[in-house]
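Participant: I would like the atomic coordinates for the input below:
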Amino acid sequence: MSKQLLTEYYELCPNGVCEDILTESDKRFVKDGGLIMSGVIQRYGEANGNRRVYTENVLRREADKYKMLVQERRALGELDHPDESVINLRNVSHLVTEIWWDKNNLMGKIQVLNTPSGQVLRSLVDANVKVGISSRGTGSVRESREGTIVEDDFNLICFDMVSEPSTRDAFMMQEQKNKRALIEGREAKINSLINNILKKGK
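Facilitator: Residues are numbered from 1 along each chain as shown. Below you'll find the predicted structure:
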């Protein structure tokens, strides 16, 4: 079978705060106005919204390889999926800073970058728009009773931020130092965003 571009969406949790997973460095970054998000980014052994199933061996192998990129601060992702397997630096919006396993869930922590696409992502999050994360990779598949099985030749490329997930519960959760401030400031931020859009349209 020939390889194809495989994309899978996970909806990152929209509610709650995971202060317990923030390092001291993360807390300083958030306190200084940075944005960190976290949540499920992939899952093995379960059919996702695309009816694809990733086996434990394949996904753990690719996660181990991806950890090297994370450690080297090269685990970049784009805003929306492109139709190619190459990461376009002009569209990079975030950096994956940590990944770990929680049972069959691959979890991730993401730092939103101050790039043009990162600023768009930040504006969407500030306006309380629910965004998700989606893996991008290449590989072949085969059909079975359990669904479409992703074959052993799968190669994970990156994780992109998107609007529609294929994996259950893969919405990203915003890591905030002060949740009350986030809630109280939400209406003002939405109004400000709308006003800025209206001004640009004049």
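Participant: alpha carbons only for contacts and neighbour counts from here, please
Facilitator: Fine.
Participant: Can you pull the phi/psi pair for the most centrally placed residue in the chain?
Facilitator: By CA atoms, centre = their mean, the mean C-alpha position of the chain lies nearest to residue 133, the distance being 3.0 Å. Main-chain dihedrals, residue 133, degrees, to the nearest 10: phi -120, psi 150.
Participant: beta partners of it?
Facilitator: Note on residue 133: beta-bridge partners residue 10, residue 161, judged by DSSP bridges.
Participant: Please report how far it lies from residue 32.
Facilitator: Look at residue 133 and residue 32: by CA to CA, to the nearest Å, they are 24 Å apart.
Participant: What segments of the protein are helices?
Facilitator: 24-31, 56-71, 116-126, 179-201 (DSSP state H).
Participant: Which residues does the second one contact?
Facilitator: Counting by CA atoms under 8 Å, 6 or more residues apart in numbering, helix 56-71 makes contact with 43-45, 75, 96-99, 104, 151-152, 154-156, all of which sit outside it.
Participant: Which neighbouring residues are in contact with residue 26, exactly?
Facilitator: Going by CA under 8 Å, 6+ apart, the list of residues near residue 26 reads residue 36.
Participant: For the lengthiest strand in the chain, name the packing helices and strands.
Facilitator: Using DSSP state E to define each element, the chain has its longest strand at strand 92-102. Counting contacts by 3 or more CA pairs under 8 Å, 6 or more residues apart in numbering; DSSP states H and E, strand 92-102 is packed against helix 56-71, strand 76-78, strand 105-112, helix 116-126.
Participant: I figured residue 100 was touching residue 42, is that so?
Facilitator: No - Residue 100 lies out of contact with residue 42 (CA atoms under 8 Å); the separation is 10.6 Å.
Participant: Compare the two (neighbour count), which wins?
Facilitator: residue 42 (28 against 15; other CA atoms under 10 Å).
Participant: Skip the chain neighbours and tell me the closest residue to that one.
Facilitator: residue 106 (5.0 Å; CA to CA, 6 or more residues apart in numbering).
Participant: wait, doesn't the one you found sit right on residue 54?
Facilitator: No - the criterion here is CA under 8 Å, and residue 106 misses it with residue 54 at 11.7 Å.
Participant: My guess is residue 115 contacts residue 92. True?
Facilitator: Yes - counting by CA under 8 Å, residue 115 touches residue 92, with 7.1 Å between them.
Participant: So between the two, which is more surrounded?
Facilitator: Taking neighbours as other CA under 10 Å, residue 115 and residue 92 compare with residue 92 leading, 22 against 15.
Participant: Got the confidence number for that one?
Facilitator: With respect to pLDDT, residue 92 has a value of 97.
Participant: Ok, residue 31 next?
Facilitator: Reported pLDDT for residue 31: 81.
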